Every structure is written in C-alpha cells, then in structure tokens.
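Chemist: quick one: sequence and predicted model below, then my questions.
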Amino acid sequence: MPASLPNSAVDRAANALRLPTGILLAVLAGAWLAAVARAPLDSVQGVIQKILYVHPPLAFAAYAGFALTAIGGALFLWRGDEAWDRLARASAEVGVLFCTLVIVTGPIWAKGTWGRWWSWDLRLTITLLLWFVYLAYLLLRSFTEGSERAARFAAVYGIAGLAVIPLNYFALDMAAGRSMHPENLQQGSLGAGMGWPFALGAGVCLVAFTQLLARRIEIEALRGALAERVAGAPTGLERSS
Amino acid sequence: MNTLLAILWKDLVSEWRSRDRIVAMALFSFLVVVVLHFALPGADPAEVRRVAPGLLWVAYLFAALLGLNRAFALELENDALSALAMAPADRGFVFLGKAAANFVLLAVVQFATAVVFGLAFALDLVPVAGPLAGVVALGSLGICSVGTLFSAVAVRTRYREVMLPLLILPLLVPVLLGAVSATASLLQGERVPFASIQLLVVTDAVFLIVSFLGFEYVLDE
Amino acid sequence: MTSGATALHGAPVVSAAGLAKRFGPITALAGVDFEVGAGAVVAVLGPNGAGKTTLLRILAGLARPSAGAVRYAGGADRRSARRFVGYIGHATFLYPQLTARENLHFTAQLYGVEDADARIAKLLAELGLEAVADRAAASFSRGLAQRLAIARALVHDPRLVLLDEPFTGLDPVSADRLAARIEALRGAARAVVLVTHDLARAAALADRAIVLVGGSVAFASSGAPRSAGELEHAYRSALDAA
C-alpha cells in the first residue's frame, strides 16, 4: 500500500509557492543584475561597494531563516506534526547557506574599504555566532541516532539558539565601544542611482530564500514518503508465506 | 521538590564516594592555569592584571565542560536515565536536581582553581573574595543550566564529548562577556558595572527557563 | 489454570488501540491492540525484533507511539500514569555507587512513596536482599542485581508491572522466586505484562498469551494456555504463518 504524500499546511504551502517564486526569481534576478551593472560606481569605495546590494539582504534572510528554524521546532514539539520539523530542518539548511554568504561578503567588502579582512564589530560578530549555532544545529541532527529524537533535540537547541541572539546583542554591545559597521540603513544614504539595485537585491534574496526553502521541504517530504514505501506494507499477516 | 533534593543528594553522594569527576575537573583546571602561565612568557604585572579575568574564565569554562560531559555518564551506565524518564515528577525538577549537583561540584573546583590562579599570577583575590564569589556564582548558573540541558542531549549522540562544547559555547558568549567584565572590574578594584550584572541575571533567567521547559522533551526516548 | 472468561478480572489497567511505532523507515509496531486488566498476567512472546520491547516501552510511557492511543485506568494521561507503572527492562536502572537500600530509597523519593522505610525493609526481606542491603550495587552479582532491579520496580507498589525478559540469566532458584512473585502480584490484583522467551514459564503463569511477529499480533490466545506444549505449538504456527 503506497504511502501518501504528506498534506499538512506546510507542505501545501511549499508546493504552492514553487512555481510563482521560481518565475519571480528569474525575473527579479535578471532585473537586479541589469540594475547592478548600470548603477554608478561609488566614488570612494569603487566596485567593491556593489556587495552592499546583497550583503544586508543576505543577513536578513539568515536571521529570518533561524527564526523559522526555532519556530518550526517549537511547533513540532507542541504539535508533534513532522511537517513542522521539515520546515525547521529545511530552514536551517537554507539559512546556513545565506549566513555563510554574509560572513564571506562582509570581509570582502571590509578588505576593500578598510583594508582589514576581519573586525570584531557587533554585527559581524553576532552573525558569526549565529553561524556557529547553525552549524551546531546541523551537526546535532546528523550525529543523533533516530530521526524523531534528532528532531526533538534539534528543536530544543533551535529555541535556545534563538533566545541567545538578543542576549548576544546586548552582551556584545556592552563589551564593545563603538561599532565599525556602517550605520547606513536608510535608502536616502545610498546615493543616487543605488536605490533600485538595493531594493531588487533585497527582493532577490527573499524570493531565493523562499524558493530554496520550499524545494527543500518538498525533498524532505518525498524522502520520508519514499522510505515508508520501501519499508513495506504495515501488517505482517498480509505477507505471503 | 522531593525529586530535586533526591537527585541532588544522589549525585553528590555518588561523587563523594568515587571522587573521580571532581578530581579530574580540579586537576584539569590546574593544568590549564599552568599552561596559561606559559602562554604569557615575560608579561609584566600590569598586562597580566588586564587579561587575568579572561584567563580565569577560560579555565573555568574548560573545567565546566569536562564536568558536564560526565554529568549524565553516570545515568547511562545502567540506563538509569530511562528510570528518570519514567519518574512521575515534572521533568523540570529532574533538571534542577542535576543542574544543582553540577553547580555544587563546579563551585568547589572553581574555588580551588581561584586559589591556584591567584598564586600563579601573583594576584591577591582575598579582598574581593565575597563579590567575586557572587559573580562566579552568577556565571556558573548560566553555564550549568544550558550545560546540564545539552549534556543530556550530547550524551546520546555520536562524538558525545565533542558535541557538548560545540552546542553550548556559542550560547555561553553572553555569560562569558558579563562574567569577564564583572571580574575585571573587581580585580581593578572598581565597582562592578550594573550592565554586567544585569546581563548575567537576564541570561541566567532565560537559560533557566528554556532548560527547565526543554528538559521535558529531552528525556523522551 | 484460570479460564479465558475470567482472565480479564478487574477493569483494564491499560488499553491500547492501533499502536504503531516507526523509527525512520523501520516500523517496529504496526497496528497493535492491547489490553490487560487488574489481577491478570499477559505473556507477550515473539522472535527478536518483533516489537515486544517497543510495546512495553510505550506502555511504560518511555516512548511515544507514532500512531494509536494508550489509555490508562482512571483516565490518567501518559504523565500521571507513570506513578503507577513499574518497569523491569534489560538494564537494571541501578546506581553502582549507592547501596541497595539507597537505590531503593532514591526511587521511593522519586515516586513520593509514603512510609518508605517500612516498604523498603519489606521488599528487601521478600527478595532476600537483607544481607546485602548496605553493600554498593556495583559489587552485586547478576542475580542479586536482577533481584534489586525487581525490588526497585516495585517500591511504589505499581498497579501495572511490565517485565521485559526477566527470567533471562537467572538461576533456577531465583527464577522460581520470581515466578512466585508474579503469582503474588496477580493475587494482589496487579496487572502484569510479561515478555519472555521461556514458553514453559509463560504457560504456567499467563492468563493470556499473545505472539508478536514483525510488529503485529500474529496470535492471541482466548484464555490461559493449558500447557507449555500447546503454547509452543501456537507460537510456531504463528511464526510460520507470518
């Protein structure tokens, strides 16, 4: 007897989002690349500055990813529905990718502008710590025997990891003096001709994240259904002698 | 509540009779102090005074990780962990009992380490002993809460000894920063900044709540 | 030998319907219905890997079923039911550094047993552990440790006693003592679930027997097995059919 594909709200959403986000991604990415190519070069920072079109949105996706991981885990613990665990796991795997990109693009930009590869400023450090938490989460999942136990352990760790983000913020803020990180989060400070590439970059990141997340959830659901089907029919009495 | 005291008593009595954990922790942290001394060859006293708080807490962290790793090994031996999972009491109290036992053991080791540390780095800790004990207690509370929670997790994974530090070191950054800042002020003869204490207290509270509630799910099969 | 009609004696202490347990792709239990009443002994037989231990662990509240529900007497949920379940598994659950008496005392505190000292003294006497009561559990032989494990499971006078292969490795005298204990539990209107490979003991003690194969119930007797031979025949038939 074939196992049916999971049909929870999470899985239905993942399925529904596939095509629209795929199209949107293709369109936005094209528009974004065009906008970035045409954007004026920053007088001081040169071409390196274009990383800024992608670095903050990547960071936003990384943090949103972990929030989803923790919330998915919490809902899994509360409800027991495996779909929430699929969301948590997929979000962690996609999120760690974005987090890695943040940590890679940050120093590239820093080296180009300040001449140093690394600085322990607040935002970079807190993202680094998030990265470690992400990795520990994924390692915990792969090193725990038993998928249900791994899901439970990971859910608890995800919640702890989320709780520590604001704590880290206050701790690092207290410990450090001034931050080297540029404070320019407003559109206006980006300069003429830089608004569109930035907005499009943000859009691309968000849509890419959602698309990857939805696909990953689907893969996990399919994997689970396949494993159940391979394991065979439930009742032993129906097996032929 | 009974559960908490029963587990606390059991852990302390077991430890008293075998003394293996506490000796290992103490010896290890003494060695760390010695290694740290060698790591700073020829440093002048003012420099040492500046970095001493951080070094002390590094030693404390290592000792704590060692002790926490062993915390649930005792329970695994005859699958006593399953017996605890079957106990009718709220599992949060099982957690508190375990965490309290870890806290006591760590405190003893920390005291001994402080003495050795003072000797090794020519620091007179006696005048600030009281406030220092308070700061160390606050720090240990944070370490022992998430440490106990995730020790129960790590002990049932592969590479259990490595898993625990991987899990909790990123979480312990607020505790570390608050504790080091407070300790540094004490060693400089200044008042402990309110911000450090506030950070420690809030972190401890958050960690205790998360661990108390999370333990329920961690003890399941 | 009690007949099938009275095998269920008192009201069900625990009943489970449609129990399933999956560990990833592996199905340990696939739709098992189970029930045991007060004053009844149910034997659960089956080859290794059939799901017997999984079933017991779910009844003990140690594991959550993937599907199906477990209901305890008095409407207790999984957590409150822990109070009246006693479980003896493959491991002893003992703390090696503590003495026998201390091990029992610790368990008594966990379960909030009233008048613990008297109860512990009684258990130590009944299981012949008085001589070693104040020796550390680490020094116990297998037989002694098994007896202490049984005492530990009974400290809180559980209404449901789950035994997972308790006769394995016991010498004949200890095994007889254990069998007598199970009879005593039945007499005291306790519900006993006994997983064992020892068909002779199962036939002698059980009011009902079920055979698990591949996670499902392959055979369920309507009453008490009349002899070890009959039980063995039923067991082998169930294995062949599956």
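Modeler: Perfect, thanks for sending it.

Chemist: secondary structure class for the residue nearest the centre of chain A?
Modeler: The residue lying closest to the centre of chain A (Cα atoms, centre = their mean) is A:Gly95, at 2.0 Å. When classified by DSSP: H, G, I helix; E, B strand; the rest coil, A:Gly95 comes out as helix.

Chemist: give me the spatial nearest neighbour of it, chain neighbours excluded.
Modeler: Nearest non-adjacent residue to A:Gly95, counting by Cβ to Cβ, 6 or more residues apart in numbering or on different chains: A:Gly65, 2.4 Å away. C-betas here are computed from N, CA, C, even on glycine.

Chemist: I'd say the one you found and A:Phe98 touch.
Modeler: Yes: using Cβ atoms under 8 Å, A:Gly65 is in contact with A:Phe98, at 6.1 Å.

Chemist: who touches both of those two?
Modeler: A:Phe209 (Cβ atoms under 8 Å, 6 or more residues apart in numbering or on different chains).

Chemist: what about the host helix or strand of the residue nearest to A:Gly95, average pLDDT?
Modeler: A:Gly65 belongs to helix A:55-79 when assigned by DSSP states H and E. Mean per-residue pLDDT for helix A:55-79: 91.

Chemist: for chain B, which segments count as helices?
Modeler: Here chain B has its helices, by DSSP state H, at B:2-18, B:20-39, B:45-71, B:73-76, B:80-86, B:91-120, B:129-154, B:160-168, B:173-187, B:194-218.

Chemist: mean pLDDT lowest for which of these?
Modeler: Mean pLDDT is lowest for helix B:73-76 out of the helices of chain B, coming in at a mean of 84.

Chemist: quick one: is that helix near chain A?
Modeler: No: judged by Cβ under 8 Å from any Cβ of the partner chain, helix B:73-76 and chain A are separated, with a smallest distance of 13.8 Å.

Chemist: got a list of what the residue nearest to the centre of chain A touches?
Modeler: A:61-62, A:64-66, A:68-69, A:134, A:209.

Chemist: hmm, back to that, turn the helices of chain B into TSV, columns for distance to C:Ala228 and mean neighbour count.
Modeler: Shown next, in TSV, are these (distance: least, Cβ to Cβ, whole Å; neighbours: other Cβ atoms under 10 Å in any protein chain shown):
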stretch	distance to C:Ala228	mean neighbour count
helix B:2-18	43	18
helix B:20-39	48	17
helix B:45-71	47	20
helix B:73-76	38	18
helix B:80-86	32	21
helix B:91-120	43	21
helix B:129-154	44	23
helix B:160-168	45	21
helix B:173-187	63	24
helix B:194-218	44	20
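
Chemist: quick check: which of these is nearest to A:Ala26?
Modeler: helix B:160-168 (38.5 Å; Cβ to Cβ).

Chemist: give me every residue that touches the residue nearest to A:Gly95.
Modeler: Here A:Gly65 is in contact with A:91-92, A:94-96, A:98-99, A:209, A:213 (Cβ under 8 Å, 6+ apart).

Chemist: what is the nearest of those to B:Ala85?
Modeler: Using Cβ to Cβ, these come closest to B:Ala85 at A:Ala92, 26.8 Å.

Chemist: how near is that closest one to A:Trp84?
Modeler: 13 Å (Cβ to Cβ, to the nearest Å).

Chemist: between those two, who's got more neighbours?
Modeler: A:Ala92 (28 against 23; other Cβ atoms under 10 Å in any protein chain shown).

Chemist: touching, B:Leu36 and B:Phe62? I think so.
Modeler: No: counting by Cβ under 8 Å, B:Phe62 is not a contact partner of B:Leu36; they are 10.2 Å apart.

Chemist: from the contact counts, what lies against the lengthiest helix in chain A?
Modeler: Across chain A, the longest stretch assigned as helix under DSSP H is helix A:195-231. Judged by 3 or more Cβ pairs under 8 Å, 6 or more residues apart in numbering or on different chains; DSSP states H and E, the packing partners of helix A:195-231 are helix A:9-38, helix A:55-79, helix A:82-114.

Chemist: the last one to helix A:55-79, inter-axis angle?
Modeler: Read it as helix A:82-114. Compare the direction of helix A:82-114 with that of helix A:55-79 by axes from the mean of the first three to the mean of the last three Cα atoms, to 10 degrees and you get 160 degrees.

Chemist: following element in sequence after helix A:82-114, please.
Modeler: helix A:122-143.

Chemist: now B:Leu84, nearest residue through space, not along the chain?
Modeler: B:Val94 (5.5 Å).

Chemist: how much space is there between that neighbour and B:Leu5?
Modeler: Distance from B:Val94 to B:Leu5, by Cβ to Cβ: 12 Å.

Chemist: same question, B:Ala83
Modeler: Counting by Cβ to Cβ - B:Ala83 and B:Leu5 are separated by 17 Å.

Chemist: chain center to stretch B:176-186, what's the gap?
Modeler: 15 Å (Cα atoms, centre = their mean, to the nearest Å).

Chemist: output the longest helix along chain C as CSV, nothing but the C-alphas.
Modeler: Assignment by DSSP H gives helix C:172-187 as the longest helix of chain C. Presented in CSV, the C-alpha positions along helix C:172-187 are these (Å, rounded to 0.1, in the frame of the first residue of the first chain):
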residue,chain,number,x,y,z
PRO,C,172,16.5,-21.8,38.7
VAL,C,173,16.0,-20.9,42.4
SER,C,174,15.8,-17.1,41.6
ALA,C,175,13.6,-17.9,38.6
ASP,C,176,11.2,-19.8,40.8
ARG,C,177,11.2,-16.9,43.3
LEU,C,178,10.4,-14.5,40.5
ALA,C,179,7.6,-16.7,39.3
ALA,C,180,6.2,-16.8,42.8
ARG,C,181,6.4,-13.0,42.9
ILE,C,182,4.4,-12.7,39.7
GLU,C,183,1.8,-15.0,41.1
ALA,C,184,1.7,-12.8,44.2
LEU,C,185,1.2,-9.7,42.1
ARG,C,186,-1.7,-11.4,40.3
GLY,C,187,-3.2,-12.3,43.7
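
Chemist: ok, residues contacting that helix?
Modeler: For helix C:172-187, the external contacting residues (Cβ under 8 Å, 6+ apart) are C:39-41, C:126-128, C:143, C:146-147, C:150, C:161, C:163, C:166-167, C:170, C:192, C:194, C:201, C:204-205, C:207.

Chemist: please flag which of those residues sit within strands.
Modeler: Residues of those located in strands (DSSP state E): C:41, C:161, C:163, C:192, C:194.

Chemist: per-residue pLDDT of the second one, please?
Modeler: Predicted confidence (pLDDT) at C:Val161: the value is 94.

Chemist: any chance of TSV for the contacts of A:Gly65, columns pLDDT?
Modeler: Converted to TSV, the contacts of A:Gly65 look like this (pLDDT from 0 to 100):
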residue	pLDDT
A:Ser91	92
A:Ala92	94
A:Val94	91
A:Gly95	93
A:Val96	94
A:Phe98	91
A:Cys99	94
A:Phe209	84
A:Leu213	85
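
Chemist: who are the packing partners of the helix or strand of chain A with the lowest mean pLDDT?
Modeler: None of the helices or strands of chain A scores lower by mean pLDDT, DSSP states H and E than helix A:9-38, at a mean of 76. Helices and strands touching helix A:9-38, by 3+ Cβ pairs under 8 Å, 6+ apart, are helix A:82-114, helix A:195-231.

Chemist: what stretches of chain A score poorly on pLDDT?
Modeler: A:1-5, A:39-49, A:177-196, A:231-241 (pLDDT under 70).

Chemist: residues touching A:Arg89, list them.
Modeler: Neighbours of A:Arg89 in contact, by Cβ under 8 Å, 6+ apart: A:69, A:72, A:141, A:151, A:154, A:216, A:220.

Chemist: gap between it and chain B?
Modeler: 16 Å (Cβ to the nearest Cβ, to the nearest Å).

Chemist: which parts of chain A sit against chain B?
Modeler: So chain A meets chain B at A:77, A:129, A:132-133, A:135-136, A:139-140, A:143-145, A:149, A:152-153, A:155-157, A:159-161, A:163-164, A:167-168, A:170-172, A:174-175 (Cβ under 8 Å from any Cβ).
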